[in-house]
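Asks: Have a look at this fold, sequence not included:
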């Protein structure tokens, strides 16, 4: 079984390609929950929902988040009533948050709710949060420590970033389905999706049991670079790298992940970096990694899987 670590739009797009390239029993996705927060009394899981909507073919391909068939009556009415409108919840999306919150308040875990929602939306692959425990990404900025959504959505990533803190990580355990999968020896390879290394992948790796699995792994790990031609495909990754004193490049992302990744899929525009990456002891494959539609997502997934198989004993 292939385990993908995903968060955000890039992660969801590759997850969609992997789901098409593999049989449901061959594929599982662990998703970041550092973006989760409580808003308007509801438990909102943005990355889980982006992955879920994308796999179900319900996502908004233009925005990358939310649903394609969305309406906004709730937000319009909330604005009239003077409520908080900086984080937009569409009417159909709202139903997911209401149902998730209701079930969790009744005692179900986030994993159990996610499994049920995915089943009802016709998703065959195993989608699971990295943890069922509370884990929140806190961004250290020029304006002080900010919760992720306040930095990312409310302030539109404008404050200068100096670091991150993953609140709750010290006590977070792997979610039940992920712990079971890792303990079963069924995993044959790991794919790090082209998600933001600091905002999407780092919160997951802050869960000690997952980091221990990756460090002691006996299966290959490949990653798809989220930086193409010195720019982030989506989101603030390049901006964050500059603010942390790092050059925004695929090579710098490789250095950031270090020995935890065995093979890299980089875009053709970064082909000149391949030799430098190989000197570092990493296998490199060059391809068109821009996932502009489902066909391209499938093509990139096949490239990543080919690289993974080439690394397998």
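Replies: Cool, got the structure. Predicted model, so just to flag it, every value in this text is computed and none were measured.
Asks: what about stretch 262-273, average pLDDT?
Replies: Stretch 262-273 carries an average pLDDT of 96.
Asks: mind checking how far it is from the chain centre?
Replies: Centroid separation for stretch 262-273 versus its chain: 20 Å, with Cα atoms, centre = their mean, to the nearest Å.
Asks: now stretch 24-42
Replies: On Cα atoms, centre = their mean, the centre of stretch 24-42 falls 9 Å from the chain's centre.
Asks: Give the other helices and strands that whichever strand or helix holds residue 19 contacts.
Replies: Residue 19 is part of helix 8-21, with elements assigned from DSSP states H and E. Where contact means 3 or more Cβ pairs under 8 Å, 6 or more residues apart in numbering; DSSP states H and E, helix 8-21 is packed against strand 2-6, strand 27-31, helix 46-55, helix 294-311. No exception for glycine: its C-beta is placed from N, CA and C like everyone else's.
Asks: Mind listing the strands the first one pairs with, and their directions?
Replies: If I follow you right, that is strand 2-6. strand 27-31 (parallel), strand 189-192 (parallel) (DSSP bridges).
Asks: what residues does the last one touch?
Replies: If you take Cβ atoms under 8 Å, 6 or more residues apart in numbering as the criterion, strand 189-192 is touched by 2-5, 14, 18, 201, 214, 217, 219-224, 257, 261, 304-305, 308-309, 311-312.
Asks: do the same with stretch 235-243
Replies: 8-10, 152, 157, 160-162, 196-199, 226-227, 230-232, 247-248, 252.
Asks: what comes up buried for it?
Replies: For stretch 235-243, a neighbour-count test (16 or more other Cβ atoms under 10 Å) marks 235-241, 243 as buried.
Asks: Cross these against helices and list the overlap.
Replies: Judged by DSSP state H, helices contain the following of the buried residues of stretch 235-243: 237-241, 243.
Asks: the strands in this protein, which residues?
Replies: Counting by DSSP state E, the chain has strands at residues 2-6, 27-31, 37-39, 42-44, 126-129, 136-141, 144-147, 161-167, 189-192, 221-224, 227-228, 231-232, 263-267, 283-287.
Asks: Can you select the buried ones among the contacts of strand 189-192 for me in ChimeraX?
Replies: Buried residues among the contacts of strand 189-192 (16+ other Cβ under 10 Å), as a ChimeraX selection:
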select :2,3,4,5,14,18,201,214,219,220,221,222,223,224,257,261,304,305,308
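Asks: Start and end of stretch 68-81, how far apart?
Replies: End-to-end distance for stretch 68-81: 26 Å, by Cα to Cα, to the nearest Å.
Asks: List the contacts of it.
Replies: 40, 58-61, 84-85, 88-94.
Asks: Just the buried ones from these?
Replies: Counted by 16+ other Cβ under 10 Å, these give 40, 58-60, 85, 89-90, 92-94 as buried.
Asks: Need the max-distance pair from those.
Replies: 58 and 85 (23.0 Å; Cβ to Cβ).
Asks: Which ones among the contacts of stretch 68-81 lie within helices?
Replies: Short answer: these in helices (DSSP H) are 91-94.
Asks: Mind picking out the helix or strand in this structure with the poorest mean pLDDT?
Replies: Confidence across the helices and strands of the chain bottoms out at strand 231-232, with a mean of 80, counting by mean pLDDT, DSSP states H and E.
Asks: mean pLDDT for the strands of the chain: which is lowest?
Replies: Across the strands of the chain, the lowest-scoring stretch is strand 231-232, with a mean of 80.
Asks: Can you list the strands that that one pairs with?
Replies: Applying DSSP bridges, one finds strand 231-232 paired with strand 227-228 (antiparallel).
Asks: Nearest residue to residue 97 in space, ignoring adjacent ones along the chain?
Replies: Leaving aside its chain neighbours, residue 97 sits nearest to residue 42 (4.2 Å; criterion: Cβ to Cβ, 6 or more residues apart in numbering).
Asks: same question but for residue 165, I mixed them up
Replies: Nearest to residue 165 is residue 138, by Cβ to Cβ, 6+ apart, at 4.3 Å.
Asks: Compute the number of surrounding residues for that neighbour.
Replies: 19 (other Cβ atoms under 10 Å).
Asks: ok, it touching residue 150?
Replies: No. With contacts defined as Cβ atoms under 8 Å, residue 138 does not count as touching residue 150, sitting 9.8 Å away.
Asks: so where's the stretch 51-200 of the chain uncertain?
Replies: Along the stretch 51-200 of the chain, no part satisfies pLDDT under 70.
Asks: Go again with 80.
Replies: Scanning the stretch 51-200 of the chain for pLDDT under 80 picks out 62-65.
Asks: before we move on, what about the stretch 201-313 of the chain?
Replies: Within the stretch 201-313 of the chain, the segments meeting pLDDT under 80 span 232-234, 312-313.
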